[in-house]
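In: A predicted structure for the sequence below; I have some questions about it.
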Amino acid sequence: MTQQTWDDLGAPLPGPEFRAASDAIVTNIEQVIEGKTATVRLALAVLLAEGHLLIEDVPGVGKTKLAKALARSIDCSVRRIQFTPDLLPSDVTGVSVYNQENHDFEFKPGAVFANLVVGDEINRASPKTQSALLECMEEHQVTVDGTTYELQTPFMVIATQNPIEMEGTYPLPEAQRDRFTARIAMGYPDPAAELAMLDAHGAHDPLQALRPVADAATVRRLIATVRDVHVADAVKQYAVDLVTATREAPDLRLGSSPRAALHLIRTARAVAALESRDYVLPDDLQALAVPVLAHRIIPTADAQLARRTTDAIVADIVHRLPLPHHRSQSPYDTRPQSTDGRGDYRRM
Amino acid sequence: MGLVAAVATLMASAPLSTIFEQWTWIFQCTIAVALIAGAATLARTARAPVWAQFVVMVVTLLLALTWLFPSGEEIAGLLPWSGTLEHFGDLLTQSGDDMRTFAVPVPDRDPLLFVTVLGIGAVAVMVDLAVVGLRRPALAGLPMLAIYSVPVAVYPTSVSFLPFVVGAMGFLWLLVADKVDGVRRFGRRFTGDGRDVDVWEPSPLAAAGRRLAIVGVLAAVALPVAVPGMTSGLLTRFNGGSGDGVGLGDGSGRPGRVNLFAALSGQLRKTDVVTFARVTTTDPDPFYLRFAVADDISSEGFRSRSPQGRSLLQLEDPREEPREGVSYEQYSAEVEISSDFQMSYAPTYGIPIGTDGLDNQWLYDTNQQVVFSNKAKVNGKDYRFDFIHSTFTEAALRAAPPPDPDSLEVKRFTQVPSVQLVQNRVDSLVGGETNTYDQVMAIYRYFSSTNGFRYELQTEGGTAGEDIVNFLTNKKGYCQQYAATMAWMVRAAGIPARVAFGFTNGTSRDGDAMVLTNLNLHAWTEVYFGPEYGWVPFDATPRTGVPGAVRPDYAPDPDAPRITPSAVPSSSPGAGSDSSSDLPGKEDPGGNESLPSGPAPTIPKWPFYTAGAILLAVLVLGMPAFRRGTLRRRRRAATAAAVSSEPGTATVLPTTEAARRSRAHAHAAWDELMDTMVDFRIPIDRTETPRATAERLATAELRGDPTGGDGARLLGQAEERARYARSPLAGPGLPDAVRSVRRGLVNRASRRTRLVAAVFPPSVLGRWRGAVVDASTAVVTAMSRLRERAGRLSPRRLLTNRAR
């Protein structure tokens, strides 16, 4: 197991190579997941932003398939954990066992010691087991019996969960949810894509035929490129404004954490790089606000009663929040105010 | 709301109560206002548009006037006809006369009532229109304030504040009613703690508003009263109130070197009206009731000499030596002096020849022609006297011999301190005249409104040389300045003159008796026409300021138009000039002719004024467009400079200086695009990124215009890179892009939008408005900070801190 330090990523890739490498991964995954380019690119962006991905949707729309396709497209170590109610934290992180030959305890690494960890049905495990992921997700390390073990780079947790089934599940704790960079929903494929899926998956599983198109070193260089993307002060300000707005929104009991702003900027960098830009736009933040912020916030009881989803609340905030003034800008906003009734906070 | 508007109008008309003697006007006004309000309500019930409501109200006002002031020519007694309108014109004309003739408070006279009802009705129409039609109740304050300005303008001094309070309450009620109505229309009301309030329940927050309103009214009333410098303020009243405030004498009981001028001005400026005398006379056309003269002149101005006299039993009758051209009529008069008139002089008419009711303490000064006492005061006296009313004809006065330089009168009463300006003015006035009368008349006519003289009570008093010069320069003053200045000037012409004090005939009557008050006190000039004619009075003060003024035939009002006997008053609109001729500042042909040194025939000035006003309006109205043009040119220049040497595609600039410059260029182009969008009423969304805005412009607003769309996208890209990228985009085409977008928008916009964008660019106007709002916000913020700082020094807060 070659241990890579966190900052030793290699040289950034120049534009065309970056594009070629990223496009190859996207195309590869799309052989398995049809008609979901945006979702696939977002998943890749989360990987390049050194984040973790939470895929949440009803059964049978390809959550696990997306996770596995992403893992398989990259030639690196992949571990899969099927979360069940009886799964123990040691199954995730690893355990020290007594070696009789040299009369010593020996650490047996758990499932997280891989570049990509696919955690399936993560909400089926007990909170204790779910919490085992806390340290490794944020700090990229595992501490067992007082010894700290560094994880490899890239390290990404792709977790799936099913929001419909409530029986025998344990909703993710807030701290756990906050560690996921983005939550995406697969959504049903459109009819054409579904038809194509029937053709492709009818005879054999395309997942088996999937070949890796990039290795861990390439991904590290991609990550280095993403880190190099320029973020203007105005964009940073906008990110701060966005998370502040979630904290002040009357519909929300809990707003976004500072980590959310960090994740937002990181993901925006990755998205900008995937679009061959070396600078982040407010447009990127606007597009990412729902996937990055919506799963971290908790609506008030009133908002829940009004069946306002967190997605809608975040979208509404994005719709209302003005861009930061980068200089003396025109002082007028001729947009008619709240005529659409979309964000009628006073509606009760 | 209509009802509230009507009642508020009536409340606002409360100040008029100080003008009229009786309360008839309020019934007529109430009828008119009620009719108007009812008509407006009917019109609204029929869902008539605002202009139709206005028309209905005006017609109702006309009908109400017709009914209240019938001329007898109406159809069915109600519908106005041409005769009615003529009648109204007559009433208007007469009201002008009445205004001149009567002093406040005026009796009920049809013309005045007509004007009042017309005015109140017009105000009611405007208030209703502002409050209900336009829903701008604050605007209704203006016509209501106009009502209040009437008594303020009519009263020479100041007006009681109580009617103002009533009017202000009415206005505030109007505002409150509007707000309450607005809240009710809004729907649900709730308090700060979230409790719902019933629609008809008074809001718990209203108490604060009521308190604010009361404090505001109190402050509005209390502030002017407390501030010194405004007449009849508290402070002046404290200062001058020590000596009972009414006595004119010096308190010693001895008439003498009293400054009658100061006493006169003090009385005229008083707020409250005090009755001084009740006079009944057999003279059908009496001149002024006269009690003192000021015939001594020094460096400090005119003063009274101590009168020297003989017993009242030895009065001379001038008829013993009759003269040519002078007619003497004997009349008698009865005078009842009130206790407030504490003088050592007994007012009389003309030349008294016999008295009854005055004991032997009273003496008569033949020279000054005054009845005086060295010991007693006249207050409370009730006496009667016979007197000779002398009337002079113009011809007789003209035939009077020039003043004899050796006579005592000429020696005593032509002394005047030398003031060069006065002397020059007198020389130019009397230069061409040969006889005494014409010389005096030249000076007399000089004080006409044609020469810019106005009646104004609020001027500095004083009759010393410099005060005379001041008055001749400012041309604003009241009787004492007119009388003293004319006397001074006549003396400067070498003719004996003095100032006489007395009462005008006033306007208030009690049966046969004239009721004379402190406001009827007056001063005029007397000129000595030799021993044959004696002292002849001239009153140079404009009649507008002097209620009950009398002009003898030999000295007609220089401001009055010359009425030829054949002129029949007509009811045509031209007759209206008769009523306005006395107003100051109006052109007066009569005064013009009589003055040899009158202004040269003037070219009508109004075309120049009109042209100037139009030019000014064009300049003011053109400013937004001009500003927009300069902005556009400047930005285009800035953007055009960005055109790099190679006109290829957009390139990314690496160097910082070039980057900074091209950033500025992109911003300039983007600003221009934003302003263009604002001008063409395309909404700007501050939550939109440049990319999104450009895309919206290209796909929605400029659909089917690929050039414009590409231009918009290019501008968006340039701005986006300028804002967010490490290195901005530079390249030609930004000015072209702006131009193409603009062209696309022009093609798409309606004619009206295009016109507005060209003439009143909303972008410029909006920015100006924003600047004004910002400035006012800054002022408010600074004020509140100041208040907070001042509040820190408040003793109350210090006390609380100590208690803690």
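Out: Now that the structure is in, tell me what you want to look at. Numbers count the residues shown, from 1 in each chain, chains lettered A, B, ... in the order given.
In: correct me, but B:Leu729 touches B:Ala659?
Out: No. B:Leu729 is not in contact with B:Ala659 according to C-beta atoms under 8 Å; the separation is 9.9 Å. To be clear about C-beta, it is placed using only N, CA and C from the backbone, and glycine gets the same treatment.
In: partner strands of the one helix or strand B:Arg278 maps to and their direction?
Out: Assigned by DSSP states H and E, B:Arg278 belongs to strand B:275-281. Pairing partners of strand B:275-281, with direction, according to DSSP bridges: strand B:326-337 (antiparallel), strand B:513-517 (antiparallel).
In: pLDDT averaged over the longest one - what is it?
Out: The average pLDDT within strand B:326-337 is 82.
In: same check, this time on the shortest one
Out: Over the span of strand B:513-517, the pLDDT mean works out to 81.
In: hmm, back to that, outside of the strand holding B:Arg278, which residues touch it?
Out: B:289, B:331-338, B:340-341, B:347, B:349, B:503, B:510, B:512-518, B:520-521 (C-beta atoms under 8 Å, 6 or more residues apart in numbering or on different chains).
In: stretch B:413-431 too?
Out: B:295, B:297-299, B:403, B:439, B:442-443, B:446, B:465-466, B:468-469, B:472, B:488-489, B:491-498, B:528, B:597.
In: so which residues on the stretch 701-804 of chain B come close to chain A?
Out: Residues of the stretch 701-804 of chain B lying close to chain A (C-beta under 8 Å from any C-beta of the partner chain) are B:Glu720, B:Arg721, B:Arg723, B:Tyr724, B:Ala725, B:Arg726, B:Ser763, B:Gly766, B:Arg767, B:Gly770.
In: please repeat the previous calculation with a cut-off of 6 Å.
Out: Within the stretch 701-804 of chain B, the positions near chain A by C-beta under 6 Å from any C-beta of the partner chain are B:Arg723, B:Tyr724, B:Ala725, B:Arg726, B:Gly766, B:Gly770.
In: list buried residues within those residues.
Out: B:Arg723, B:Tyr724, B:Ala725, B:Gly766 (16 or more other C-beta atoms under 10 Å in any protein chain shown).
In: give the contact list for the third one.
Out: The reference is to B:Ala725. Taking C-beta atoms under 6 Å, 6 or more residues apart in numbering or on different chains, we find B:Ala725 in contact with A:Tyr279.
In: cutoff 7 Å now
Out: A:His230, A:Tyr279 (C-beta atoms under 7 Å, 6 or more residues apart in numbering or on different chains).
In: quick one, helices of the stretch 151-300 of chain A?
Out: Using DSSP state H, counting those that start in this stretch, the helices of the stretch 151-300 of chain A run over A:174-179, A:191-203, A:206-209, A:216-227, A:233-248, A:258-274, A:282-293.
In: would you tell me which one of the ones you listed is buried the most?
Out: Highest mean neighbour count among the helices of the stretch 151-300 of chain A (mean count of other C-beta atoms under 10 Å in any protein chain shown): helix A:282-293, with a mean of 26.
In: phi, psi of the residue nearest to the spatial centre of chain A?
Out: Taking C-alpha atoms, centre = their mean as the criterion, A:Leu53 is the residue nearest the geometric centre of chain A, at 2.6 Å. The phi and psi torsions at A:Leu53 (degrees, to the nearest 10) take the values phi -120, psi 130.
In: so it bridges to which residues?
Out: Under the criterion used here (DSSP bridges), A:Leu53 is bridged to A:Ile158, A:Ala182.
In: show me the contacts for it.
Out: By C-beta under 7 Å, 6+ apart, the contact list for A:Leu53 reads A:Ala43, A:Val46, A:Met156, A:Ile158, A:Phe180, A:Thr181, A:Ala182, A:Ile184.
In: rerun at 8 Å
Out: Here A:Leu53 is in contact with A:43, A:46-47, A:67, A:156-159, A:180-184 (C-beta under 8 Å, 6+ apart).
In: ok, now B:Ala333?
Out: B:Val279, B:Thr280, B:Thr281, B:Thr282, B:Asp283, B:Pro286, B:Thr348, B:Tyr349, B:Arg384, B:Phe385, B:Phe387.
In: if I've got this straight, the last one is in a helix?
Out: If I follow you right, that is B:Phe387. No. Assigned with DSSP: H, G, I helix; E, B strand; the rest coil, B:Phe387 falls outside any helix and is strand.
In: list the residues that contact it.
Out: Contacts of B:Phe387 (C-beta under 8 Å, 6+ apart): B:Gln330, B:Tyr331, B:Ser332, B:Ala333, B:Thr348, B:Tyr349, B:Gly350, B:Ile351, B:Pro352, B:Ile353.
In: tabulate these in CSV, adding columns for distance to B:Leu755.
Out: Below are the contacts of B:Phe387 laid out as CSV (distance: C-beta to C-beta, whole Å):
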residue, distance to B:Leu755
B:Gln330, 82
B:Tyr331, 77
B:Ser332, 81
B:Ala333, 76
B:Thr348, 77
B:Tyr349, 74
B:Gly350, 76
B:Ile351, 80
B:Pro352, 81
B:Ile353, 85
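In: most neighbours among these, please name it.
Out: Most neighbours among the contacts of B:Phe387, by other C-beta atoms under 10 Å in any protein chain shown: B:Gly350, with 26 neighbours.
In: thought that one was touching B:Asp386?
Out: No. Applying C-beta under 8 Å, one finds B:Gly350 not in contact with B:Asp386, separated by 9.8 Å.
In: shared neighbours of those two, anything?
Out: Counting by C-beta under 8 Å, 6+ apart, B:Gly350 and B:Asp386 have no shared contacts at all.
In: B:Ile36 and B:Ala124 touch, don't they?
Out: Yes. Taking contacts as C-beta under 8 Å, B:Ile36 lies within contact range of B:Ala124: 4.9 Å.
In: find the residues that touch each one of these two.
Out: Joint contacts of B:Ile36 and B:Ala124 (C-beta under 8 Å, 6+ apart) are B:Ala6, B:Met57, B:Leu61.
In: if we ignore the residues flanking it in sequence, what's nearest the second one?
Out: Closest residue to B:Met57 in three dimensions, ignoring its sequence neighbours and counting by C-beta to C-beta, 6 or more residues apart in numbering or on different chains: B:Val125, at 4.5 Å.
In: and the pLDDT for the one you found?
Out: The model reports B:Val125 with a pLDDT of 86.
In: packing partners of the helix or strand where it lies?
Out: According to DSSP H and E, B:Val125 maps onto helix B:110-128. The elements that helix B:110-128 packs onto, with contact taken as 3 or more C-beta pairs under 8 Å, 6 or more residues apart in numbering or on different chains; DSSP states H and E, are helix B:2-12, helix B:24-45, helix B:50-68, helix B:82-101, helix B:141-154.
In: mean pLDDT and mean neighbour count added to those, as a markdown table?
Out: Below are these laid out as a markdown table (pLDDT from 0 to 100; neighbours: other C-beta atoms under 10 Å in any protein chain shown):
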| stretch | mean pLDDT | mean neighbour count |
| --- | --- | --- |
| helix B:2-12 | 80 | 23 |
| helix B:24-45 | 86 | 19 |
| helix B:50-68 | 85 | 18 |
| helix B:82-101 | 77 | 18 |
| helix B:141-154 | 76 | 17 |
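In: so which of these comes closest to B:Ser311?
Out: Proximity to B:Ser311 (C-beta to C-beta) singles out helix B:82-101 among the helices and strands packed on helix B:110-128, at 40.5 Å.
In: tilt between that closest one and helix B:50-68?
Out: Here the directions of helix B:82-101 and helix B:50-68 differ by 80 degrees (axes from the mean of the first three to the mean of the last three C-alpha atoms, to 10 degrees).
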